[in-house]
Structure formats: C-alpha cells, structure tokens
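Chemist: Curious how this folds, go ahead:
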Amino acid sequence: MELHPWLEFDVEKSVTRDIARFRDIVFRTLLRKGTVVAVSGGIDSSVCAALAVRPSDGTRCSRCLLPEKDSSETSLRSGKTSANILGFHMR
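Modeler: Numbering: from 1, shown residues only. Take a look at the predicted model:
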C-alpha cells in the first residue's frame, strides 16, 4: 500500500524536533525545573511519558499515576511498568 506524500515523514527527525521544542518550552520559556506527567496505563499517556522523559533523561521528570475509577488493575500495572521502564522519579 502506497502512502500519500503528506503521510510520509521521518519519525526520528520529528521526535528529535518535538523533544527539542519541549525542552525549550519547559526549561527556557516557562523556567521550570522539570515536568510531571500523568500516566494512566493507556497508549496515549505512555507515548506522552516517553516523549516527556527524554529531554531530561528522567532526572527532572516525575510521574503521577492516574487510572480512571473504571480502570482495570491491568491499566494501573501497565502505568507503573511503563513509568519504571522509562526511568521516572517516584514522588
């Protein structure tokens, strides 16, 4: 299956650009010392967490587990696992 030209992009280049922008906003524009990421265990929050932790190698990024009231134990376990793998600080 051939992709439309507007769907073709360099993933690593895009991620690198987005992380540089994230770092600039957090540390230079907002003058913050780090970030806090809400992790529910789902794919969306896991991807956001992976992108957020890269600019600081996890040293200035904390996570907050936020499962929904209807979330399964699996979601909570997944959130903890992904946060631990990514090297988040525990707060």
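Chemist: So which residue is dead centre in this structure?
Modeler: The centroid of the chain falls nearest to A49 when counting by CA atoms, centre = their mean (1.7 Å).
Chemist: what sits against it?
Modeler: The neighbours of A49, taking CB atoms under 8 Å, 6 or more residues apart in numbering as the test, are V37, V39, R63, S82, A83, L86, F88. (Each C-beta comes from the backbone N, C-alpha and C, glycine too.)
Chemist: so it is in which element?
Modeler: helix 43-53 (DSSP states H and E).
Chemist: Extract the C-alpha trace of stretch 32-47 and format it as PDB.
Modeler: What follows is stretch 32-47, C-alpha atoms only, in PDB (Å, rounded to 0.1, in the frame of the first residue of the first chain):
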ATOM      1  CA  ARG A  32      10.600  25.200  35.200                       C
ATOM      2  CA  LYS A  33      13.000  22.700  36.800                       C
ATOM      3  CA  GLY A  34      11.100  19.700  35.400                       C
ATOM      4  CA  THR A  35       7.800  18.200  34.500                       C
ATOM      5  CA  VAL A  36       5.100  16.000  35.900                       C
ATOM      6  CA  VAL A  37       3.400  13.500  33.600                       C
ATOM      7  CA  ALA A  38       0.000  11.800  34.300                       C
ATOM      8  CA  VAL A  39       0.200   8.100  33.400                       C
ATOM      9  CA  SER A  40      -3.000   6.100  33.200                       C
ATOM     10  CA  GLY A  41      -1.600   2.900  31.600                       C
ATOM     11  CA  GLY A  42      -3.000   3.600  28.200                       C
ATOM     12  CA  ILE A  43      -1.100   4.000  25.000                       C
ATOM     13  CA  ASP A  44      -1.700   7.800  24.800                       C
ATOM     14  CA  SER A  45      -0.200   8.600  28.200                       C
ATOM     15  CA  SER A  46       2.600   6.100  27.700                       C
ATOM     16  CA  VAL A  47       3.700   7.800  24.500                       C
END
